[in-house]
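# test case, fold it:
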Amino acid sequence: MIVQVDPASPVPVFEQLRAQIERLIASGQLAVGSTLPPIRHLAADLGLARGTVNKVYDALARDGLVETAGRHGTVVRRATPVTAAASGLDDAAGGLALVARQLGLDAADVHRALDRALARL
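The predicted model follows:
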């Protein structure tokens, strides 16, 4: 599972991680039945507190996207509708537009930055 968090972002790391996992489920990159990484491993990989990752997993479970299977880990339960993924993209674009405006960047600068980010993936 490829996720990353930016501690310098105005978006809380909890929300960054939750949104990324939800998008991975919506896109099918995390298929129904897939197991999420153990909390302690993901927390260590991302440099986060285990409690933060645990809260993300709990939120995803409350939304019905995953379920905890005891010693078998946390498993993807169902995919989100495509509209949820599109909404997440719209939210991210809104955040990007806000940051760009605050930094005084024009649309061309934003497009170039987005193109570079997509090329790195």
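
# give me every residue that touches the closest residue to residue 72 other than its chain neighbours.
Leaving aside its chain neighbours, residue 72 sits nearest to residue 35 (7.2 Å; criterion: CB to CB, 6 or more residues apart in numbering). All C-beta atoms are positioned from the backbone trio N, CA, C, and that covers glycine. When contacts are counted by CB atoms under 8 Å, 6 or more residues apart in numbering, residue 35 is found next to 72, 73, 74, 75, 76.

# same check, this time on residue 105
Each residue near residue 105 by CB under 8 Å, 6+ apart is listed here: residue 113.

# point out where this protein drops to low pLDDT.
79-88 (pLDDT under 70).

# domain assignment for it?
Following automatic domain parsing, one gets these domains for the chain: 1-80, 82-121.

# looking at the ones you listed, which one is packed in the most?
Most buried of the domains of the chain, by mean neighbour count (mean count of other CB atoms under 10 Å): domain 1-80, with a mean of 16.
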